[in-house]
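Student: Need a 3D model of the sequence below.
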Amino acid sequence: MILEAENIHKSFGRLEVLKGVDFHADNAEVVAITGASGAGKTTLLQILGTLSTPDSGKLVIDSKDVLSMSSNRLSAFRCQRIGFVFQFHHLLPEFNSLENVMIPALIAGRRASDARQAATGLLTDLGLEDRLKHKPAQLSGGEQQRVAIARALVNNPAVLFADEPTGNLDSVTKQEIHKLFFNLRDRLGQTIIIVTHDPELAGICDRSLMMKDGQFV
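Tutor: Residues are numbered from 1 along each chain as shown. Next up is the predicted model:
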């Protein structure tokens, strides 16, 4: 088991958003989290991805008790062992594809030559070998999302989190990204946790869990 969360609670003021959620993911598993807006999906994803802290509960990722880590240790762990893909790509517009993918590796302290090699390899694997020098504005939506996925993978994360990763794409590009996630699972053994409103994507995942009123149902 690569990730295990137990009894996660989170409130914002008087609003209890997560009400004792339990969740786990195995190695090389693709898990979808679905539910209506306001069900708590994104809040849970942010906690599982260590972007937010629960009020109480336990979270173990890659055999590490992440809630006991200092802020600096947690930031380093997040950079090295967790990857994120969002609906909007959040690529840095002044940098080209290769540079965008290299940045997390450089932040993690890898040599520039190593970061460049890893980024080039990932972009080539994702069919973007002819787009290495293109800036985000020169790429299609699907190409931008593939660059974002390569960026999320460059440090070989234990878990890849995706928040509505195909919500901003046309139907053909959605299909391509769906296939890409499962290729990553099959080729790299990548664990992927996806928050989605897309029933087609949820239906092809290894498991699909629905949230309602801050709990799984």
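
Student: Please count neighbours and contacts with C-alpha atoms only from this point.
Tutor: OK.

Student: what helix or strand is Arg146 on?
Tutor: For Arg146, the host element (DSSP states H and E) is helix 141-153.

Student: Quick check: mean pLDDT of the helix or strand just after that helix?
Tutor: As assigned by DSSP H and E, the chain's next helix or strand after helix 141-153 is strand 159-163. If you average the pLDDT over strand 159-163, you get 91.

Student: still on that earlier bit, pLDDT averaged over the helix holding Arg146 - what is it?
Tutor: 88.

Student: angle of it against strand 159-163?
Tutor: Angle of helix 141-153 versus strand 159-163, following axes from the mean of the first three to the mean of the last three C-alpha atoms, to 10 degrees, is 150 degrees.

Student: which outside residues touch stretch 178-190?
Tutor: Identification of contacts with stretch 178-190 by C-alpha atoms under 8 Å, 6 or more residues apart in numbering yields 27-30, 126, 158-160, 191-192, 201.

Student: please redo it, this time with the cut-off set to 10 Å
Tutor: Identification of contacts with stretch 178-190 by C-alpha atoms under 10 Å, 6 or more residues apart in numbering yields 26-30, 126, 146, 149, 153, 156-160, 162, 165-166, 173-174, 177, 191-192, 194, 200-202, 204-206.

Student: Next: stretch 59-78.
Tutor: So stretch 59-78 is contacted by 1-8, 22-25, 27, 47-51, 53-54, 56-58, 79-82, 84, 107-109, 157-159 (C-alpha under 10 Å, 6+ apart).

Student: pretty sure Leu3 contacts Ile47?
Tutor: No. Leu3 is beyond contact range of Ile47, at 12.0 Å (criterion: C-alpha atoms under 10 Å).

Student: Do a quick rundown of the helices in the protein.
Tutor: Counting by DSSP state H, one finds helices in the chain at the ranges 41-48, 71-81, 97-107, 112-125, 141-153, 171-188, 199-204.

Student: could you redo these as CSV and give each row distance to Asp65 and mean neighbour count?
Tutor: Below are those laid out as CSV (distance: least, C-alpha to C-alpha, whole Å; neighbours: other C-alpha atoms under 10 Å):
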stretch, distance to Asp65, mean neighbour count
helix 41-48, 12, 22
helix 71-81, 10, 16
helix 97-107, 23, 23
helix 112-125, 28, 18
helix 141-153, 22, 24
helix 171-188, 24, 15
helix 199-204, 29, 15
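
Student: And the buried ones among the contacts of stretch 59-78, selectable in ChimeraX?
Tutor: In ChimeraX syntax, the buried subset of those is picked out as below (16 or more other C-alpha atoms under 10 Å):
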select :2,3,4,5,8,22,25,27,47,48,49,50,53,54,57,58,79,80,81,82,84,108,157,158,159
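
Student: pLDDT at the closest residue to Phe216 other than its chain neighbours, what is it?
Tutor: Distance criterion C-alpha to C-alpha, 6 or more residues apart in numbering; nearest residue to Phe216, sequence neighbours excluded, is Met210 at 5.6 Å. What the model reports for Met210 is a pLDDT of 95.
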